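Enquirer: Fold the following for me, if possible:
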Amino acid sequence: MTIEISAKLVKQLRDQTGAGMMTCKKALEENNGDFDKAIESLRLKGMATADKKSSRNTNEGIIYAYVHTGSKLGILVEINCETDFVARREEFVELSKNIAMQIASNSSLDVVSLEDISQEIIDETWNFESNKEDLQNKPDNIKEQIIKGRVDKSLKTRVLLEQEYIKDSSISVEEYIKQVIGLLGENIKVARFTRYVLGE
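Expert: Predicted coordinates:
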């Protein structure tokens, strides 16, 4: 027996997730009308869709300029997608704005992904962590594990995709982008960003 799903509930789910009406209705039906489970199901489907599209070329997109209140901080971010049609969509522009605000909120960010961190910075961080006093009397194998854990944690603070998303701390920036990929049906990548701070 199929549970009766009200149009109001479908609209509520659409407003919250941005997914299409039929997709929302199906998600609610599959989860017996449970709103939270339907959101989680749409989120997971978005992730699956995003992973399938990750190898597709992203030659279109926009450069989004965000100036923080007070005009002392500005962000330029280039976000790419597959077609000009998607680049003009309101949801894509909103994603660009949210990513720019994310960058503005955290001055330690300087790269998009872990792959963008130079070997020089990795080595510097490793040397810094290796010389901490609390490690001196630890056995080598334990010391190595502690250093690796600290280096990974330290490097992640510099990486945009690894951050908690400012508008929903239950997901990372990378997961947020994957949700939008699931919604828009195209691969999306943050190509680069620049931060301008007045006087620097």
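
Enquirer: my guess is residue 102 contacts residue 163, does it?
Expert: Yes - under the criterion of CB atoms under 8 Å, residue 102 makes contact with residue 163 at 6.6 Å. C-beta: built from backbone N, CA, C; applies to glycine.

Enquirer: any residues in contact with both of the two?
Expert: 109, 173 (CB atoms under 8 Å, 6 or more residues apart in numbering).

Enquirer: middle-most residue in this structure, spatially?
Expert: residue 173 (1.8 Å; CA atoms, centre = their mean).

Enquirer: and the gap between residue 15 and residue 21?
Expert: Taking CB to CB, to the nearest Å as the measure, residue 15 falls 11 Å from residue 21.

Enquirer: Looking at these two now, which is surrounded by more residues?
Expert: residue 21 (12 against 9; other CB atoms under 10 Å).

Enquirer: would you say residue 63 is within a strand?
Expert: Yes - with DSSP: H, G, I helix; E, B strand; the rest coil as the criterion, residue 63 is assigned to a strand.

Enquirer: Now do the residue nearest to it when sequence neighbours are not counted against residue 97, distance only.
Expert: Nearest-residue entry for residue 63: residue 78, 4.9 Å, with adjacent residues in sequence omitted and distances by CB to CB, 6 or more residues apart in numbering. According to CB to CB, residue 78 and residue 97 sit 14 Å apart.

Enquirer: Same question for residue 86.
Expert: Taking CB to CB, one finds residue 86 at 15 Å from residue 97.

Enquirer: again, but for residue 73
Expert: In terms of CB to CB, residue 73 sits 15 Å off from residue 97.

Enquirer: Now do the contacts for residue 160.
Expert: Residue 160 touches 99, 102-103, 109, 111-113, 173, 190, 193, counting by CB under 8 Å, 6+ apart.

Enquirer: Likewise for residue 174?
Expert: 161-162.

Enquirer: Next one: it relative to residue 198, how far apart?
Expert: Counting by CB to CB, the gap from residue 174 to residue 198 is 30 Å.
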